[in-house]
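K.L.:
model this:
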Amino acid sequence: MFWVTMILLLLLGFLAASSRFTHNNAGLKGAIDALEPASPWLGLGGLGWGLYQLIYMLLHLGVFRVDPLFAIVYTLSTLLLVGLGFFLGYAAIARVVSGGPLQGWRDGLAPKRVSMGLTAMSTAILNIIIDAVG
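P.N.:
Now for the predicted structure:
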């Protein structure tokens, strides 16, 4: 479960912050353009997995007592995963549910897209380091 979360965080973070990386690298821009059509479905997967992780953490609150640093960073990572999953998956969500407060939530996240992506990648790397150190 840990590695699925970290891979999704890195992937969604990279997609969200892609505009920051593609200025000088044409090869990278081609790879991102190939992933772009799948980003709503990757976002939905990230949203679903993030919600599952939040529910799992609520059912296992004892981890905060055993390893508080890991639990706090993992909770932040899960919240970022839910936010990025919603933002990137909104195109697929809008096909089923249009308008309402969801559009306002997405518009509120839009200016934070790149910073959320960079933060998601950073927290994924931090989680991997914390897990490796033990």
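K.L.:
Would you mind listing the buried residues in the helix or strand bottoming out on mean pLDDT in the chain?
P.N.:
Within the chain, no helix or strand scores below helix 26-35, which has a mean of 78 by mean pLDDT, DSSP states H and E. Across helix 26-35, burial judged by 16 or more other Cβ atoms under 10 Å covers residue 32. From N, CA and C alone the C-beta is placed, and that goes for glycine too.
K.L.:
helices and strands around the following helix or strand past it, which ones?
P.N.:
Note on helix 26-35: by DSSP states H and E, the next helix or strand toward the C-terminus is helix 39-59. With contacts taken as 3 or more Cβ pairs under 8 Å, 6 or more residues apart in numbering; DSSP states H and E, helix 39-59 sits against helix 2-16, helix 68-96.
K.L.:
starting at the chain centroid, how far to the last one?
P.N.:
Okay, so that is helix 68-96. Centroid displacement of helix 68-96 relative to its chain, using Cα atoms, centre = their mean, to the nearest Å, is 5 Å.
K.L.:
Remind me what the least confident helix or strand of the chain packs against, helices and strands.
P.N.:
In this structure, helix 26-35 packs against helix 2-16, helix 18-21, with contacts taken as 3+ Cβ pairs under 8 Å, 6+ apart.
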